[in-house]
Each structure stands twice: as structure tokens, then as C-alpha cells.
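Asker: here's my sequence, what's the structure:
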Amino acid sequence: MYHEGVASNRLAILSRHLCAEHQGSVWAGVPQAPADAILGITEAFKGDNDSGKLNLGVGAYRTEEGQPLVLSAVRQAEQRLVADSSRTKEYQPMGGNSTFCQLSRRLAFGDGCPASAAGRIATVQTLSGTGALRVGADFLKRHYAVKVVYLPDPTWANHGNIFGSSVGLEVRKYRYFNSQTRGLDYQGLLS
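Answerer: Next up, the predicted model:
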């Protein structure tokens with residue numbers, strides 16, 4: 001009985017802190033993040049009535065109707081994973097699944113990579129691309145004398161936040177895309 005009363009009281013306190021009438025005071029000091037330029041391309045795409053339009057924003061496969069396309073190979077892999085009764089939901093080690101890391105390294109660098117054979121390439125599994133950037137940024141900040149990081153322009157808005165405000169590195173940008181030619185901005189890369 002005592003535990004039920006304590007839990008109920010804690011839930012009531014938490015509810016008061018998070019309820020709509022208090023959210024203004026709780027969240028008032030949190031600034032809205034700036035709009036993401038790359039996601040803005042998708043919004044412009046949605047608003048365009050041209051039947052020949054192409055969405056060049058987020059790099060995801062789409063059907064003719066513009067819906068996310070899940071490749072048949074991905075569906076087959078998912079089905080194999082679900083059907084495998086030997087698989088568990090156990091946590092992975094800190095560096096991730098070692099087989100996944102080894103095969104990813106092989107895919108990225110090839111079978112004959114001397115640096116890989118010499119053990120000079122470290123591979124870790126992360127939650128996502130954004131998670132990988134955060135792990136990498138923290139690693140650079142903690143273990144190297146890195147003070148400045150160069151990011152392409154344009155890039156995802158959260159990339160600058162990860163390296164800059166979250167980790168504390170100075171973010172500088174370099175150009176790589178020439179919107180006039182829709183090609184490589186060679187001079188931008190050199191400057």
C-alpha cells in the first residue's frame with residue numbers, strides 16, 4: 001500500500017510539471033531550432049505541382065507515388081531476422097556487433113586494404129549517422145587536439161550543432177556544390 005501511494009504521488013507531481021498549463025514556463029527558455037535547408041528541399045518538392053519533379057533532398061528511395069520504398073532485399077533480410085529464433089534482444093557490446101563491424105569495414109575498404117590488415121582501422125557500430133557523428137566529434141575533442149572541423153555547405157543543420165554547440169569545436173564550412181552548373185564547385189573546395 002505504501003509503495004502505491006508513493007508512486008501515485010510521484011506521478012501526480014510529474015504530471016503537474018509536464019501538464020499543458022505549466023509547459024509555457026518549463027519550455028519557455030528553449031529556443032526553436034533553425035529550419036533545416038535540406039529538409040526545406042523536401043517541403044518545396046511537396047508544394048511543387050510539376051508532374052516531372054524529382055525530390056533531390058533526403059536520400060531515400062521512393063515509389064512513383066512519392067512514398068518511401070522499402071527494397072525487397074531489405075524486406076527479405078527483415079523476414080530472415082524475425083524468423084531466426086536464435087536471435088535475442090540482448091544489448092550489444094560498447095563497440096557494437098563485431099561481425100557487423102568487420103563486414104562493414106570490409107565493405108568500405110575492400111578485402112585487400114593494407115591499413116585494415118595492419119589493424120589501423122577502428123570500426124564501431126552506432127545508433128545512426130547522426131549518432132556516429134556525435135561519437136566521432138566527442139572522440140576528436142577528447143583524444144586529439146582538434147579545435148576546428150570543416151563541414152560541407154550545404155549539409156544537414158544538425159551536423160553543425162553536433163560539432164559546434166554540443167561538443168564545442170569551431171565549425172567552418174567549405175563549398176562543394178555549384179548550383180549554377182549543378183556540379184562540383186572545384187574552386188569552392190580549394191578556397
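Asker: could you list the low-pLDDT ranges of the protein?
Answerer: Residues of the chain meeting the criterion pLDDT under 70: 1-8, 11-12, 14-25, 27, 56.
Asker: let me see the ranges of the helices in it.
Answerer: Along the chain, counting by DSSP state H, helices occupy 2-18, 20-27, 37-47, 72-83, 98-109, 114-117, 129-143, 157-161, 186-190.
Asker: what are the contacting residues of the third one?
Answerer: Just to be clear, that refers to helix 37-47. Helix 37-47 is contacted from outside by 53-58, 154-157, using CB atoms under 8 Å, 6 or more residues apart in numbering. Yep, even glycine has a C-beta here, placed from its N, CA and C like the rest.
Asker: can you do 10 Å?
Answerer: Helix 37-47 has contacts (CB atoms under 10 Å, 6 or more residues apart in numbering) with 35-36, 53-60, 66, 153-157.
Asker: pull out the buried residues from that helix.
Answerer: Residues of helix 37-47 classed as buried: residue 45 (neighbour count, 16 or more other CB atoms under 10 Å).
Asker: rewinding a little: now list the buried members of the contacts of helix 37-47.
Answerer: 36, 57, 154-156.
Asker: possible to save those residues as CSV with distance to residue 171?
Answerer: CSV is the format used below for the buried ones among the contacts of helix 37-47 (distance: CB to CB, whole Å):
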residue, distance to residue 171
36, 16
57, 22
154, 13
155, 10
156, 13
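Asker: so which pair among these is furthest apart in space?
Answerer: Longest distance between any two of the buried ones among the contacts of helix 37-47 is 12.7 Å, between 57 and 155; criterion CB to CB.
Asker: and for those two, which residues touch both?
Answerer: Counting by CB under 10 Å, 6+ apart, the common neighbours of residue 57 and residue 155 are 36-38.
Asker: middle-most residue in this protein, spatially?
Answerer: Centrality entry for the chain: nearest residue to the mean C-alpha point is residue 130, 2.5 Å, by CA atoms, centre = their mean.
Asker: for residue 186, the count of nearby residues, please.
Answerer: By the measure other CB atoms under 10 Å, the count of residues near residue 186 is 11.
Asker: that one: what's it in contact with?
Answerer: With CB under 10 Å, 6+ apart, residue 186 has these contacts: 175-176, 178.
Asker: among those residues, which lie within strands?
Answerer: Using DSSP state E, the subset of the contacts of residue 186 located in strands is 175, 178.
Asker: stretch 89-107: end-to-end distance?
Answerer: 25 Å (CA to CA, to the nearest Å).
Asker: how about residues contacting that stretch?
Answerer: Applying CB under 10 Å, 6+ apart, the contact partners of stretch 89-107 are 113, 115-116, 121-127.
Asker: re the thing from before, for the shared contacts of residue 57 and residue 155, could you give me a markdown table that also reports distance to residue 136?
Answerer: Listed next are those as a markdown table, based on distance: CB to CB, whole Å:
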| residue | distance to residue 136 |
| --- | --- |
| 36 | 20 |
| 37 | 22 |
| 38 | 20 |
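Asker: closest to residue 138 out of the residues you listed?
Answerer: Of these, the one sitting nearest to residue 138 (CB to CB) turns out to be residue 36, at 22.4 Å.
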